[in-house]
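**Q** Okay, sequence plus prediction incoming.
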Amino acid sequence: MKKEEEDFVMGMLVYIACLREKKRYSTAKSYQDALNSFRRFCGKERIPYSHINRDTLSRYQSWLLDRGCSMNTVSTYMRRIRHIYNIAVEAGEAPFVPNLFKDVFTGVESKRKRALPSGSLCSLMGTAEVEPEMRRTRLAFSLMFAFSGMAFVDFAHLRKENIKGGVLSYHRQKSGSLIRLEIPAEVRHLLDELAACTDKGSPYLFPFLSGKKTGEEAYVEYNKALYRFNRDLRLLAETCGVDEPVTSYTIRHSFATTLREQEVPIDVISELLGHTSIKTTQIYLKSFSLERLSAVNRACFGSVYKPVSGAG
């Protein structure tokens, strides 16, 4: 067994501790999840760097897929392991192995995003009466859509000072991009109704976070709020007769796809979403809906196909 500082597990734990010191709790959790998974696969608490070879990684990928993990989950775990391994190589604690990760997936698997059709959006936003507790979820859904498909992390952290003169202005938690937009007049009463549910002592505009937690405790509180919101969205969908899966992320994709179907330029959609790159927006808008593509296809065919009258 190699000495402790040349152990992969120790290297990963040290890196996770550094991430937590920098308050990068979400990234720290991602590395911890990867470590826990790789440990379970290896069946040991300590993993020498010499154990990480192309065969081990290939078998680990198969192990993950056999357990129902998506290719994007495989990629995330592999990239976490690769990063720690490369740090060890630079420190002289692990051997450099050419093409070590060549046989495993470390890219991004593009899948069709599950945007909701307009009928489902209308149902979720208000075509049926719901219980008071579910009303809060409906208000949040409607406002997040009206606020340019706002991510839940940004929505939950909005403060009263983010709104001045009818203009919403905030920096995205993920990218730091500044987003500014006028609040549509028709949703201001929805904003006031949801804000009225917030505790008076809270620094936040909406009633999802207490504002009393700091550091990692605040991160844990946010994740619990996100879990509850996604659970409540599923209940709202069931009540409204919406069959499609609905999560907080669905709102963002539905907003972007609705604009795409309305032929809004992609650079405008990208700016509304607060993306730092149009490439990110293109992932959101991988393809039009089946209905849209079918309509265009029919129109194209109809514009050139002229059947002969009376032809059998």
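**A** Cool, the structure landed. Residues are numbered from 1 along each chain as shown.

**Q** In the stretch 51-200 of the chain, where is pLDDT below threshold?
**A** Residues of the stretch 51-200 of the chain meeting the criterion pLDDT under 70: 110-113, 127-128.

**Q** All the strands of it, in order from the start?
**A** Under the criterion DSSP state E, counting those that start in this stretch, the stretch 51-200 of the chain carries strands at the ranges 163-164, 167-171, 178-182.

**Q** With respect to His253, which of these lies nearest?
**A** Distance to His253, taken as Cβ to Cβ, is lowest for strand 178-182 among the strands of the stretch 51-200 of the chain, at 17.2 Å. Every residue, glycine included, has its C-beta placed from N, CA and C.

**Q** And the closest one, how far out from the chain middle?
**A** Offset of strand 178-182 from its chain centre (Cα atoms, centre = their mean, to the nearest Å): 21 Å.

**Q** Could you list the residues in contact with stretch 123-134?
**A** The contact list for stretch 123-134, computed with Cβ atoms under 8 Å, 6 or more residues apart in numbering, reads 116, 138, 141-142, 145, 232, 235-237, 239-242, 246.

**Q** As JSON lines, those with distance to His189 and neighbour count would be great.
**A** As requested, these are arranged in JSON lines below (distance: Cβ to Cβ, whole Å; neighbours: other Cβ atoms under 10 Å):
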{"residue": "Leu116", "distance to His189": "23", "neighbour count": "23"}
{"residue": "Arg138", "distance to His189": "13", "neighbour count": "21"}
{"residue": "Phe141", "distance to His189": "15", "neighbour count": "24"}
{"residue": "Ser142", "distance to His189": "11", "neighbour count": "19"}
{"residue": "Phe145", "distance to His189": "16", "neighbour count": "20"}
{"residue": "Asp232", "distance to His189": "21", "neighbour count": "17"}
{"residue": "Leu235", "distance to His189": "24", "neighbour count": "15"}
{"residue": "Leu236", "distance to His189": "19", "neighbour count": "23"}
{"residue": "Ala237", "distance to His189": "24", "neighbour count": "22"}
{"residue": "Thr239", "distance to His189": "22", "neighbour count": "17"}
{"residue": "Cys240", "distance to His189": "21", "neighbour count": "19"}
{"residue": "Gly241", "distance to His189": "25", "neighbour count": "11"}
{"residue": "Val242", "distance to His189": "24", "neighbour count": "20"}
{"residue": "Val246", "distance to His189": "24", "neighbour count": "24"}
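
**Q** and which of those is nearest to Thr76?
**A** Ranked by distance to Thr76 (Cβ to Cβ), the contacts of stretch 123-134 are led by Val246 at 23.8 Å.

**Q** For that closest one, pull up the helix or strand it's in.
**A** Here Val246 sits in a region with no helix or strand, counting by DSSP states H and E.

**Q** I figured it was touching Thr137, is that so?
**A** No: here Val246 does not reach Thr137: they are 10.1 Å apart, not a contact under Cβ atoms under 8 Å.

**Q** center of the chain - which residue?
**A** Tyr249 (5.7 Å; Cα atoms, centre = their mean).

**Q** Burial check on Ala88, number of neighbours?
**A** By other Cβ atoms under 10 Å, 22 other residues sit near Ala88.

**Q** quick one: it and Leu13, what's the gap?
**A** The spacing between Ala88 and Leu13, counted by Cβ to Cβ, to the nearest Å, is 13 Å.

**Q** picking that back up, which one, of the strands of the stretch 51-200 of the chain, ends up nearest to Asp154?
**A** strand 167-171 (6.2 Å).

**Q** who touches the closest one?
**A** By Cβ under 8 Å, 6+ apart, the list of residues contacting strand 167-171 reads 147, 154, 158, 162-163, 177-183.

**Q** now swap in stretch 213-224 and tell me
**A** Here stretch 213-224 has contacts from 20, 23, 25-26, 153, 156, 209-210, using Cβ under 8 Å, 6+ apart.

**Q** still on that earlier bit, can you put the strands of the stretch 51-200 of the chain in JSON lines and add distance to Arg80 and mean neighbour count?
**A** Written out in JSON lines, the entries for these read as follows (distance: least, Cβ to Cβ, whole Å; neighbours: other Cβ atoms under 10 Å):
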{"stretch": "strand 163-164", "distance to Arg80": "38", "mean neighbour count": "13"}
{"stretch": "strand 167-171", "distance to Arg80": "27", "mean neighbour count": "16"}
{"stretch": "strand 178-182", "distance to Arg80": "30", "mean neighbour count": "12"}
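
**Q** So among the contacts of stretch 213-224, which ones count as buried?
**A** Neighbour-count burial (16 or more other Cβ atoms under 10 Å) is assigned, among the contacts of stretch 213-224, to 20, 25, 156, 209.
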